[in-house]
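Q: How does the following fold in three dimensions:
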Amino acid sequence: MKVGIIQESHTANIDANIAKLTSKIEELAKKGAQLIVLSELHNSLYFCQVEDVDNFDLAESIPGKSTDHFSAVAKRLGVVIVISLFEKRATGLYHNTAVVLDKDGSIAGKYRKMHIPDDPAYYEKFYFTPGDLGFQPIQTSLGKLGLMVCWDQWYPEGARLMALAGADMLIYPTAIGWESTDTDDEKARQRGAWMTVQRGHAVANGLPVITVNRVGYEADPSGVTGGIQFWGSSFVAGPQGEFLYEGPTDREDCIIVDIDMERSENVRRIWPFLRDRRIEEFGDICRRFRD
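A: So this is what the prediction gives:
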């Protein structure tokens, strides 16, 4: 499968962001991309650096303006596109939602972010209700996509449940970066851990992993912190955790990565982790802590 990766920086001009992304999607489609993945909340700046009720004006319905636009693009180009939106489900009820648009322009499905962070410069609990659609792969013309979002990527349970439901790959639209007060050593540890844990999901489940992060500096509107330097580093890992692509930390990138979808079958034959799971002993995994 030819997978298009769009690692972008974003501005406060939503229309300009969408136009730029559309141009990049067209570029990748002309080069043969079948699946194109965008980063988390790509229409705007990462507004979660502050708690501001006016930011709820950025939310939109699904279906809505963005899905209409990108659905038309998917149909015109004959590609599958993964987008990421601030969903308004109802007044006072909002989600961080990724949507899969199939090559015929239909909405194949959506995933609402399950794990919601609340850290300095990442005040997502102020905006987003935890997802309620479960860890269910989305069936497309290209196969079953195990779609999750950013903070979900630290939790092996979600990746495993997607694999157990028949996902052909794991996909993580992402918005993560460095806060200005972190030391260089700490920054290196954070980025390294982020890549390692997701490569672990690939290994443990015998599936390719696609992670698309935003890149560039975004200031904190409140001035309380020094803003976020999104570290890019979008990557694709094969089913043994091997890097198929690793993006730059400091600039945009738009590239096609070839994924051999038959490798998952072969890897699972030599490493049959699903066969050997002692599921009868795993009941306590559903407890918050084993006191």
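Q: How many neighbouring residues does residue 157 have?
A: 13 (other C-beta atoms under 10 Å). In this view, the C-beta of every residue, glycine as well, is placed from N, C-alpha and C.
Q: In this structure it contacts residue 286, no?
A: No: using C-beta atoms under 8 Å, residue 157 makes no contact with residue 286, being 9.3 Å away.
Q: and the residue nearest to residue 128 when sequence neighbours are not counted, what is it in contact with?
A: Leaving out its chain neighbours, the residue that sits closest to residue 128 by C-beta to C-beta, 6 or more residues apart in numbering is residue 96, at 4.5 Å. Counting by C-beta atoms under 8 Å, 6 or more residues apart in numbering, residue 96 touches 40-41, 84, 86-87, 112-113, 116, 124, 127-128, 131, 149-150.
Q: Adding secondary structure, write those residues out as TSV.
A: Below are the contacts of residue 96 laid out as TSV (DSSP: H, G, I helix; E, B strand; the rest coil):
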residue	secondary structure
40	coil
41	coil
84	strand
86	strand
87	strand
112	strand
113	coil
116	coil
124	helix
127	coil
128	coil
131	coil
149	coil
150	helix
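Q: nearest to residue 69, of the residues you listed?
A: Proximity of those to residue 69 was ranked by C-beta to C-beta; the top entry is residue 84 with 13.8 Å.
Q: re the thing from before, identify, from the contacts of residue 96, the entry nearest to residue 272.
A: Checking the contacts of residue 96 one by one against residue 272 (C-beta to C-beta), the nearest turns out to be residue 149, at 29.4 Å.
Q: Chain neighbours aside, what residue packs nearest to that closest one?
A: Here the residue nearest residue 149, using C-beta to C-beta, 6+ apart, is residue 113, at 4.0 Å.
Q: pLDDT wise, what is the one you found at?
A: Turning to residue 113, the model gives it a pLDDT of 98.
Q: what does residue 89 give?
A: At residue 89, pLDDT is 98.
Q: that older thread, using the three-state scheme, assign the residue nearest to residue 128.
A: Judged by three-state DSSP, the three-state class of residue 96 is strand.
Q: which residues in the stretch 101-250 of the chain form helices?
A: Listed in chain order, the helices of the stretch 101-250 of the chain (DSSP state H, counting those that start in this stretch) span 156-164, 184-205.
Q: Let me know which of those helices is tucked in deepest.
A: Across the helices of the stretch 101-250 of the chain, averaging neighbours per residue (mean count of other C-beta atoms under 10 Å) puts helix 156-164 on top, at a mean of 20.
Q: dump the residue contacts of residue 85.
A: 41, 43, 60, 62, 66, 67, 97, 98, 99.
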